[in-house]
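*Asks:* what follows is a predicted protein model with its sequence.
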Amino acid sequence: MNNYNHSLITMVENSHPEEYRISSLVFYSCIFTTGLVVNITALWVFSCTTKKKTTITIYMMNVALLDLLLIFTLPFRMHYYGKRSWIFGDVFCRILSAFTIFYPSIAIW
């Protein structure tokens, strides 16, 4: 049993090459900053500058809010790729993974 755990830990530690980790950090950082600015601006435009709230306006506000929720998961992923370990617990990992998987389905509806 001990050999199995040791081999599993070794496999997990070597699962991401250094280039993948660095490129993921750069990519997630760019997406986080750009997405944060664009979606906050979109929420401001749709909520403060539009006089009449139509179904399109409300839909676009919901899409921007959903995008913000996805963007707020990126710092946790950046921490994981930067430190090579997940310190936030198994339940939080499952919640973030589920949200990332369900995000395209939610965005389409």
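*Replies:* Now that the structure is in, tell me what you want to look at. Residues are numbered from 1 along each chain as shown.
*Asks:* which parts of the biggest helix by length in the chain are buried?
*Replies:* For the chain, the helix that runs over the most residues, judged by DSSP state H, is helix 18-44. Residues 24-25, 28, 32, 35, 39, 42-43 are the ones in helix 18-44 that count as buried (16 or more other Cβ atoms under 10 Å). The way it works is simple: take the backbone N, C-alpha and C, and place the C-beta from them, glycine included.
*Asks:* next structured bit after it?
*Replies:* Later in the chain than helix 18-44, the nearest helix or strand by DSSP states H and E is helix 55-71.
*Asks:* which positions within that next one qualify as buried?
*Replies:* So for helix 55-71, counting by 16+ other Cβ under 10 Å, buried means 60-61, 64, 66-68, 70-71.
*Asks:* wait, T100 sits on F72?
*Replies:* No. Here T100 lies out of contact with F72, judged by Cβ atoms under 8 Å, at a distance of 11.7 Å.
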